[in-house]
Every structure is written in structure tokens, then in C-alpha cells.
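Enquirer: Got a sequence here, can you build the structure:
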Amino acid sequence: MPSTPVTTKQDIRDLAVLRRIHLQNPQLNLEQLLHTLRATIGHEPSPLATQAARSLIDPYQQGRDIIMWKKTGK
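Expert: Prediction:
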């Protein structure tokens with residue numbers, strides 16, 4: 001049975017900040033988005049947040065589900 005990825009508190013915080021930055025500045029490209037995220041949180045973003053940022057820039061917007069996900073367990 002494959003293991004379920006663990007979402008850490010840092011992932012949740014980084015995703016919340018990423019969501020806020022993206023909603024305030026939807027025109028940012030990937031490099032600008034990651035730079036703003038690093039500057040805001042003061043450290044390297046979690047791998048999940050980095051993946052979500054890449055997906056947000058994707059034309060299919062696959063990362064929206066990750067960013068908009070709320071801690072519901074679903």
C-alpha cells in the first residue's frame with residue numbers, strides 16, 4: 001500500500017502565504033512568485049509550496065486545488 005504524503009505545519013503555513021501572494025499579485029511569474037514567497041516567510045519554502053507555485057503558473061492551473069485546500073482532511 002502506498003504511503004500517504006504527510007502535510008506538515010510548515011507546508012500549511014507556506015501554502016497560505018503563497019495563496020495570499022498569488023491572489024494579491026496574479027501577474028507574477030514563477031521566479032517572482034518564489035522570490036516574494038521566500039522574502040515573506042524568511043526561509044526556503046517547503047517542497048509542497050514550491051510544487052504548488054509551479055502548478056499555479058501552469059496554464060491548466062493544477063495547483064489551485066492545493067492552494068485552496070483547507071484543513072478538512074478531505
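Enquirer: Give me the longest helix you can find in the chain.
Expert: helix 9-24 (DSSP state H).
Enquirer: Quick one: the helices in the chain, in order.
Expert: 9-24, 30-41, 47-57, 64-68.
Enquirer: Count the residues that sit near Leu23.
Expert: 9 (other C-beta atoms under 10 Å). (Glycine included, C-beta is placed from N, CA and C.)
Enquirer: An error on my part: the question was meant for Gln51.
Expert: Quick note: Gln51 (other C-beta under 10 Å) scores 14 neighbours.
Enquirer: Next: Gln24.
Expert: Gln24: 9 neighbours (other C-beta under 10 Å).
Enquirer: picking that back up, list the buried ones in the longest helix of the chain?
Expert: 11-12, 14-15, 17-19, 21-22 (16 or more other C-beta atoms under 10 Å).
Enquirer: Make CSV out of these and add pLDDT and distance to Ile41.
Expert: Shown next, in CSV, are the buried residues of helix 9-24 (pLDDT from 0 to 100; distance: C-beta to C-beta, whole Å):
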residue, pLDDT, distance to Ile41
Asp11, 93, 12
Ile12, 93, 12
Asp14, 96, 6
Leu15, 95, 11
Val17, 97, 6
Leu18, 96, 9
Arg19, 95, 13
Ile21, 97, 10
His22, 94, 14
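Enquirer: Show me which of those is closest to Glu44.
Expert: Of all those, Glu44 sits closest to Asp14, with 9.4 Å by C-beta to C-beta.
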